[in-house]
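J.: model this:
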Amino acid sequence: MAGTFSQIYIQVVFAVKGRESLINASWEEQLYKYLTGIVKNKEQKMLAINGMPDHIHFLIGMKPSCCLSDLVREVKKSTNEFIRDKNLTPYNFQWQEGYGAFSYSHSSLDQVIAYI
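T.: Predicted structure coming up:
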């Protein structure tokens, strides 16, 4: 069989350290765009992104060659630096350790995207 075909859909969720409500509506769109850029640069497909003041959800179409833990580590590290470098919050911003990752079938995507 020529080439590789896959349908791997993963929702990733992670929180601000201590579940503090530090993600402000005035800059969350900047954060989501930056995070989307990281995902695209890692050659994955962003399908949805959103969050609350204390956590973020995003759904990606993931290539089989992607190592999810490496991707999430890079996303958290880079967005943490982005928030600090841009002085988006007066507080010492950090992401909580760990993350949630949930897989979905193609037929569930509309529901997951609506939820996010």
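J.: Tell me both backbone torsions, phi and psi, for the closest residue to Gly18 other than its chain neighbours.
T.: Using C-beta to C-beta, 6 or more residues apart in numbering and skipping the chain neighbours, the partner closest in space to Gly18 is Gln96 (7.1 Å). For every residue, glycine as well, the C-beta is placed using N, CA and C. Dihedral pair for Gln96: phi -70, psi 150, per degrees, to the nearest 10.
J.: SS state for Asn24?
T.: coil (DSSP: H, G, I helix; E, B strand; the rest coil).
J.: Provide a list of residues in contact with it.
T.: 53, 88-89 (C-beta atoms under 8 Å, 6 or more residues apart in numbering).
J.: Top of the residues you listed by number of neighbours, please.
T.: Greatest neighbour count in the contacts of Asn24, by other C-beta atoms under 10 Å, goes to Leu88: 18 neighbours.
J.: what about the residue most central in space within the chain, which SS state?
T.: When C-alpha atoms, centre = their mean is applied to the chain, the residue found nearest the centroid is Phe58 (4.4 Å). Under the three-state scheme (three-state DSSP), Phe58 adopts strand.
J.: Correct me if wrong: it contacts Met46.
T.: Yes: the pair Phe58 / Met46 is scored as a contact, 6.5 Å apart, by C-beta atoms under 8 Å.
J.: Neighbours of the closest residue to Leu31 other than its chain neighbours, how many?
T.: Nearest non-adjacent residue to Leu31, counting by C-beta to C-beta, 6+ apart: Thr79, 6.3 Å away. When neighbours are defined as other C-beta under 10 Å, Thr79 has 19 of them.
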